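build me a model from this:
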Amino acid sequence: MADEKMDTATNRNVIDAHTALVNFGNRKMGSISADIRVARLLDYVAPVGRVLEKAKNEVSVGILDDAPDKPTALQGEKWMGRVAVAQAAFDAEAVEASVFEWPTLQLGESDLPKDQKGDEGWKNSAALGVLIANLGPLFKYPDSEDS
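From the prediction side, this is the model:
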């Protein structure tokens with residue numbers, strides 16, 4: 001998947017990639033060149049990711065504008081259900097995937113954050129699986145599945 005060109009993506013793909021890059025941007029990466037690649041990828045992905053996140057929030061606000069001021073618990077659940085359905089529909093919408101078209105900027109295994117020294121050093125490399133998955137084609141998987 002990572003080495004394939006993505007012709008289309010969903011809003012969720014772009015938002016997830018943006019969130020993953022922000023997370024990596026706040027960690028000590030495996031090298032300075034990896035930090036620079038994260039910064040460059042953020043330059044491309046962040047503008048689109050921010051617009052989509054704002055649009056998704058506006059979907060929720062638009063639905064809740066019609067909610068009663070003091071809903072009962074059951075009414076509140078009903079309105080939150082409507083929000084969840086609308087957000088899921090928004091997440092599934094296709095968008096042009098040009099944000100995923102920079103294979104020279106892909107992050108790889110050697111770029112990933114490593115554990116740091118100290119009692120909380122493990123936090124630097126925590127939850128890498130989720131972050132890698134959220135990068136989608138912006139991560140270059142090793143050639144071998146055994147790696």
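
quick check: buried residues in stretch 63-83?
I63, W79, V83 (16 or more other Cβ atoms under 10 Å). Every C-beta, even on glycine, is put in place using the N, C-alpha and C of the backbone.

alpha carbons only: can I get it in CSV?
Output of stretch 63-83 as CSV, limited to C-alpha atoms (Å, rounded to 0.1, in the frame of the first residue of the first chain):
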residue,chain,number,x,y,z
ILE,A,63,-26.4,19.7,13.2
LEU,A,64,-26.3,20.8,16.8
ASP,A,65,-27.6,24.3,15.9
ASP,A,66,-31.0,22.7,15.6
ALA,A,67,-30.8,20.8,18.9
PRO,A,68,-33.0,21.9,21.8
ASP,A,69,-31.2,24.2,24.4
LYS,A,70,-31.9,21.8,27.3
PRO,A,71,-32.3,18.3,25.8
THR,A,72,-33.3,15.4,27.8
ALA,A,73,-30.7,12.5,28.0
LEU,A,74,-32.6,10.7,25.3
GLN,A,75,-32.7,13.8,23.0
GLY,A,76,-29.0,14.4,23.6
GLU,A,77,-28.2,10.8,22.5
LYS,A,78,-30.4,11.3,19.5
TRP,A,79,-28.5,14.5,18.5
MET,A,80,-25.1,13.0,19.2
GLY,A,81,-26.1,10.0,17.0
ARG,A,82,-26.9,12.4,14.2
VAL,A,83,-23.5,14.1,14.6
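
mind checking how far the strand or helix carrying N134 is from the chain centre?
In this assignment (DSSP states H and E), N134 forms part of helix 128-135. Centroid separation for helix 128-135 versus its chain: 8 Å, with Cα atoms, centre = their mean, to the nearest Å.

mind listing what's buried along that helix?
L128, L131, I132, N134, L135.

that one: what's the following helix or strand?
Immediately after helix 128-135, counting by DSSP H and E, sits strand 139-140.

right, I'll leave it there.
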